[in-house]
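[1] Need coordinates for the following:
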Amino acid sequence: MADNEVINEVSFNELSNNDLQVVIDDLTAQSIKLFEKYKKCKSGIVALKNENGFLKEKLKETEGAADLLEENRFLKSEIAMFKGKQPVSVSIDLIAENEKLCGVIEGLKQDLE
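    As a prediction, this is how the structure comes out:
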């Protein structure tokens, strides 16, 4: 790597072979530094893009979970509202059995594929 003092001493009016070699060496050294910084920044960008994608997926999962919680609260309030009007325990048992049967149906569908 060329020293800055040497570069400052180069006469740009009448460049000798030595002067040109000093300029070339300095440009080469600076180009190498710049390329190393570029590679470092590029790998940083790739890492940030990967992290951003991961965080977007987590956000979607969180939003989905929040939607399910809201729906669950709504359904519980609906059940509470109907508790006084009709027997809910039978309906809840049917819901559980329905979920069980849906699982069996899904299993059968997978077996057919």
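
[2] tell me the residue furthest from the middle of the protein?
    Relative to the mean C-alpha coordinate of the chain, counting by CA atoms, centre = their mean, the farthest residue is Glu14 (55.9 Å).

[3] Next, give phi and psi for that one.
    Main-chain torsions, Glu14, degrees, to the nearest 10: phi -130, psi 90.

[4] Spit out the contact partners of Lys83.
    Contact partners of Lys83, counting by CB atoms under 8 Å, 6 or more residues apart in numbering, are absent. To be clear about C-beta, it is placed using only N, CA and C from the backbone, and glycine gets the same treatment.

[5] On the pLDDT front, check it for me.
    We have a pLDDT of 70 for Lys83.

[6] ok, the residue farthest from the centre of the chain to Leu20 distance?
    Per CB to CB, to the nearest Å, Glu14 is found 11 Å from Leu20.

[7] again, but for Val104
    83 Å.

[8] And Glu99, by the same measure?
    Distance from Glu99 to Leu20, counting by CB to CB: 82 Å.

[9] So the spatially most central residue of the chain: helix, strand or coil?
    By CA atoms, centre = their mean, the mean C-alpha position of the chain lies nearest to Gly53, the distance being 1.8 Å. What DSSP: H, G, I helix; E, B strand; the rest coil gives for Gly53 is helix.

[10] List the contacts of it.
    So Gly53 contacts nothing (CB under 8 Å, 6+ apart).

[11] What about Glu97, how many residues nearby?
    As a burial measure, Glu97 scores 10 neighbours (other CB atoms under 10 Å).

[12] which SSE is it in?
    For Glu97, the enclosing helix or strand under DSSP states H and E is helix 89-112.

[13] Out of the helices and strands in the chain, which is least certain?
    Every helix and strand of the chain was ranked by mean pLDDT, DSSP states H and E. The lowest is helix 4-8, at a mean of 55.
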